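Colleague: Sequence below, structure please.
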Amino acid sequence: MICDDIVEAGGDLLLCRGSLLPLPSGSERAVRLTTHPVAYVRSLLQQAVVRRRMIDAADRYAEFVRDTPEERTWLAEWDSADLVTPPKRRRR
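Modeller: Next up, the predicted model:
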């Protein structure tokens, strides 16, 4: 079954031929679902898993930076680097 007609219901849910599906937040408020609803929900769950893994990795890196002086120094150098000015070209 492909869900072609979607009506927003209740702000965070989509009504699709009697089935409720979670609605993405932000600019994706108007969605035209061209895949099977199960595939849509699976993709939302996969995105949530990836998002959670990225958050966990960021937390572990922040802890690593706190515990490792060399990394803290390198990160401070990177923060102060001039990223606006293009690098000078080498002549051959």
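
Colleague: pLDDT score for L21?
Modeller: pLDDT recorded at L21 is 54.

Colleague: Can you list the low-confidence ranges for the protein?
Modeller: Under the criterion pLDDT under 70, the flagged ranges of the chain are 1-34.

Colleague: mind listing the strands for it?
Modeller: 7-9, 13-16, 19-22 (DSSP state E).

Colleague: Go through this protein and flag its longest helix.
Modeller: helix 37-67 (DSSP state H).

Colleague: helices or strands up against that helix?
Modeller: Using 3 or more CB pairs under 8 Å, 6 or more residues apart in numbering; DSSP states H and E as the contact definition, the elements that helix 37-67 packs against are strand 19-22, helix 69-80. For glycine as for every other residue, the C-beta is placed from the backbone atoms N, C-alpha and C.

Colleague: Return the most buried member of the ones you listed.
Modeller: Comparing the helices and strands packed on helix 37-67 by mean neighbour count (mean count of other CB atoms under 10 Å), strand 19-22 comes out on top with a mean of 14.

Colleague: Quick one: closest of the helices and strands packed on helix 37-67 to R52.
Modeller: Judged by CB to CB, the one of those that comes nearest to R52 is strand 19-22, at 15.7 Å.

Colleague: Convert stretch 68-86 to PDB, retaining C-alpha atoms only.
Modeller: Listed next in PDB are the C-alpha coordinates belonging to stretch 68-86 (Å, rounded to 0.1, in the frame of the first residue of the first chain):
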ATOM      1  CA  THR A  68      43.600  14.800  27.500                       C
ATOM      2  CA  PRO A  69      45.800  17.900  27.600                       C
ATOM      3  CA  GLU A  70      47.300  17.300  24.100                       C
ATOM      4  CA  GLU A  71      43.800  17.200  22.500                       C
ATOM      5  CA  ARG A  72      42.800  20.300  24.400                       C
ATOM      6  CA  THR A  73      45.800  22.200  23.100                       C
ATOM      7  CA  TRP A  74      45.300  21.000  19.600                       C
ATOM      8  CA  LEU A  75      41.600  22.000  19.700                       C
ATOM      9  CA  ALA A  76      42.600  25.500  21.000                       C
ATOM     10  CA  GLU A  77      45.000  25.900  18.100                       C
ATOM     11  CA  TRP A  78      42.300  24.800  15.700                       C
ATOM     12  CA  ASP A  79      39.800  27.300  17.200                       C
ATOM     13  CA  SER A  80      42.300  30.200  16.800                       C
ATOM     14  CA  ALA A  81      43.200  29.200  13.200                       C
ATOM     15  CA  ASP A  82      42.400  31.700  10.400                       C
ATOM     16  CA  LEU A  83      39.900  29.900   8.300                       C
ATOM     17  CA  VAL A  84      38.700  33.000   6.400                       C
ATOM     18  CA  THR A  85      41.900  33.900   4.500                       C
ATOM     19  CA  PRO A  86      42.700  31.500   1.600                       C
END
